[in-house]
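A.B. asks: sequence first, predicted coordinates after that:
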Amino acid sequence: MAGQGKTFKIITYGCQMNQRDSEMMADLLQAAGYEPVADEADADVIVLDTCCVREKAENKVYGKLGQIERLKSANPDLVIAVAGCMIQQPGVAAKIRQQAPYVDLLLGTHNLAELPKLVEEIRVLHQPRVAVREEEGAIVEDLPRRRARGAQAFVTITYGCNNFCTYCIVPYVRGRERSRRPEDILKEIKDLVDQGVIEVTLLGQNVNSYGRDLEEKISFAGLLTRVNAIEGLKRIRYVTSHPRDFTPRLVETISRLDKVCEHVHLPVQAGSNRILELMHRGYTREHYLELVASLRRHIPGISLTTDLIVGFPGETEEDFRETLDLVARVQFDNAFTFMYSPRKGTVAATLPGQLPLEVKKERLKRLMELQNQISLAKNEALVGQEVEVLVEGPSKTDPSRLSGRTRTNKLVIFPGDQNLTGKLVNVRLTRAQTWLLKGEISCD
Ligand code: SAH
Ligand code: SF4
Ligand code: F3S
């Protein structure tokens, strides 16, 4: 095989979509005979799977490329590939060619499956290659079969996005929304369950609109019902839900299905109706608050997390206070908070009223302070409860302990044997922090 005796390392930036893409590329390289290595310094092929959702994400990639240059000087046969969302933006391929001429391969989001073939051509011909398709092709389902990596797996249900929120680059770099056929999704999950997977996370930029583009009449609620029926599967998660498309039928369905976890990631982005409209989000704060109330009514104990942007163009202090007010009202379990970052090619980047960095920083700080208090209080309220935890392995911060997640997606750290990894255990929660809970395995 082409890659026999050769090694690779994939470094992933960005969201779960990219994590899943990186898994797919790793499977393809392994099918071609390459072996994964933990350290990029030991690799014959290095792939950066990039994100461009904010400027910071891009800067990380340029920083990494600077480090990798040294490896290339030491080993001229090293193949360096830059793949994913960044490459899909106009002008970026040329910029990388210029700033990092030692990069051998630029690979767009619709060309990832060509990775092994192109790496091989580069190794033989010693010539750089660029493969960037602008249009999304049909979904490729017949790639080499994927291997399960433990008890959890990501399963993509839709690619791309049609929403064009005015701040967001994703629809430009990922193309139009395409749903996978339910048969393909169900088969993939059944295969994973046969290999020991007990928790799946269904992925899409907007899972709620799943199926709209398919001939077969199926909604996200319908898909969940079918996934729930798979024997041996224990937990179902899904990201991301769009508040506009979260129908009453979906609320009712998830409340009824036993495997669907009691957690919804429901990005609200902003609390002011004026800003929500400028963002083109398609809902109001009132609609959002009603949806939250309905979720809490139907699913007691449900945890809610969100994404928030501060400093969108034209955001006044008053608008921002409405975001704070909404956050205080909803009492999210956790929130990912971002400073607005103008993205070339999006509508918001051309809007008047772009705010100075200091204003964004100051608002971000206030928002995070508020959310941290809420997160801690929410976790404190859980102390004393016994919860089901799926053990993920040794804790990253304290490898002598285990870490895992509750059905509500709370991170729990507790003492226990490593061979519990991949198992469900009951844990009594003993202490709360802002980002995690500590506990002890219950002995009953
Ligand atoms: N499809 C998902 C996630 C998209 S990207 C959704 O609709 O929620 C993840 C998050 O990044 C978004 O929810 C948003 O909060 C943030 N984000 C996207 N573009 C951004 C930008 N230009 N500046 C700052 N944050 C941004
Ligand atoms: Fe971006 Fe909006 Fe699509 Fe999410 S729904 S990926 S924020 S355009
Ligand atoms: Fe980033 Fe691409 Fe995901 S831009 S957030 S990696 S879809």
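C.D. replies: Received the coordinates, thanks. Ligands and ions are numbered 1, 2, ... in the order given.
A.B. asks: neighbours of Glu231, how many?
C.D. replies: As a burial measure, Glu231 scores 6 neighbours (other Cβ atoms under 10 Å). Where you see a C-beta, it was placed from the backbone N, CA and C, and this is true even at glycine.
A.B. asks: numbering from 299 from now on, please.
C.D. replies: I'll keep to 299 as the first residue from here, and by that count the last item is Glu529.
A.B. asks: residues contacting the residue nearest to it when sequence neighbours are not counted?
C.D. replies: Once its chain neighbours are removed from consideration, Glu529 has its nearest residue in Val491; the separation is 7.6 Å (Cβ to Cβ, 6 or more residues apart in numbering). Residues in contact with Val491, defined by Cβ atoms under 8 Å, 6 or more residues apart in numbering, are Ile528, Glu529, Gly530, Leu531.
A.B. asks: report pLDDT for the nearest residue to Ile597 once chain neighbours are set aside.
C.D. replies: Distance criterion Cβ to Cβ, 6+ apart; nearest residue to Ile597, sequence neighbours excluded, is Ser553 at 4.9 Å. We have a pLDDT of 98 for Ser553.
A.B. asks: what helix or strand is Ser553 on?
C.D. replies: helix 546-554 (DSSP states H and E).
A.B. asks: and that helix, C-alpha only, in PDB?
C.D. replies: Listed in PDB are the C-alpha atoms of helix 546-554, where the atom choice follows Å, rounded to 0.1, in the frame of the first residue of the first chain:
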ATOM      1  CA  PRO A 546     -43.600  22.000  19.300                       C
ATOM      2  CA  ARG A 547     -43.700  18.500  17.700                       C
ATOM      3  CA  LEU A 548     -39.900  18.200  18.200                       C
ATOM      4  CA  VAL A 549     -40.200  19.300  21.900                       C
ATOM      5  CA  GLU A 550     -42.900  16.600  22.400                       C
ATOM      6  CA  THR A 551     -40.800  14.000  20.600                       C
ATOM      7  CA  ILE A 552     -37.600  14.500  22.500                       C
ATOM      8  CA  SER A 553     -39.500  14.500  25.800                       C
ATOM      9  CA  ARG A 554     -40.900  11.000  24.900                       C
END
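A.B. asks: with adjacent residues omitted, what lies nearest to the closest residue to ligand 3 within the stretch 449-598 of the chain?
C.D. replies: Of all residues in the stretch 449-598 of the chain, Val468 sits closest to ligand 3, at 4.8 Å by Cβ to the nearest ligand atom. If you skip the residues right next to it in sequence, Val468 has Cys459 as its closest partner in space, 5.2 Å away by Cβ to Cβ, 6+ apart.
A.B. asks: is the lengthiest helix in the chain anywhere near ligand 1?
C.D. replies: With secondary structure taken from DSSP state H, the chain has its longest helix at helix 655-678. No. Applying Cβ under 6 Å from any ligand atom, one finds helix 655-678 out of contact with ligand 1, separated by at least 9.6 Å.
A.B. asks: tell me how far whatever helix or strand comes next after that helix is from the chain's mean position?
C.D. replies: Per DSSP H and E, the first helix or strand lying C-terminal to helix 655-678 is strand 684-692. Shown here is strand 684-692, whose average C-alpha point lies 21 Å from the average C-alpha point of the whole chain (Cα atoms, centre = their mean, to the nearest Å).
A.B. asks: pairing partners for strand 684-692, with directions?
C.D. replies: The partner list of strand 684-692 in its sheet, established with DSSP bridges, is strand 700-704 (antiparallel), strand 722-730 (antiparallel).
A.B. asks: stretch 563-578 vs ligand 2: in contact?
C.D. replies: No. Where contact is defined by Cβ under 6 Å from any ligand atom, no part of stretch 563-578 touches ligand 2; the two come within 6.9 Å at best.
A.B. asks: quick check: end-to-end length of that stretch?
C.D. replies: With Cα to Cα, to the nearest Å applied, stretch 563-578 spans 19 Å between its terminal residues.
A.B. asks: let me see the mean pLDDT of it.
C.D. replies: According to the model, stretch 563-578 has a mean pLDDT of 98.
A.B. asks: over to stretch 374-383?
C.D. replies: Stretch 374-383 shows a mean pLDDT of 96.
A.B. asks: near ligand 3, which residues of the stretch 299-448 of the chain?
C.D. replies: Within reach of ligand 3 by Cβ under 6 Å from any ligand atom, the stretch 299-448 of the chain has these residues: Gly312, Cys313, Met315, Asn316, Cys349, Cys350, Val351, Cys383.
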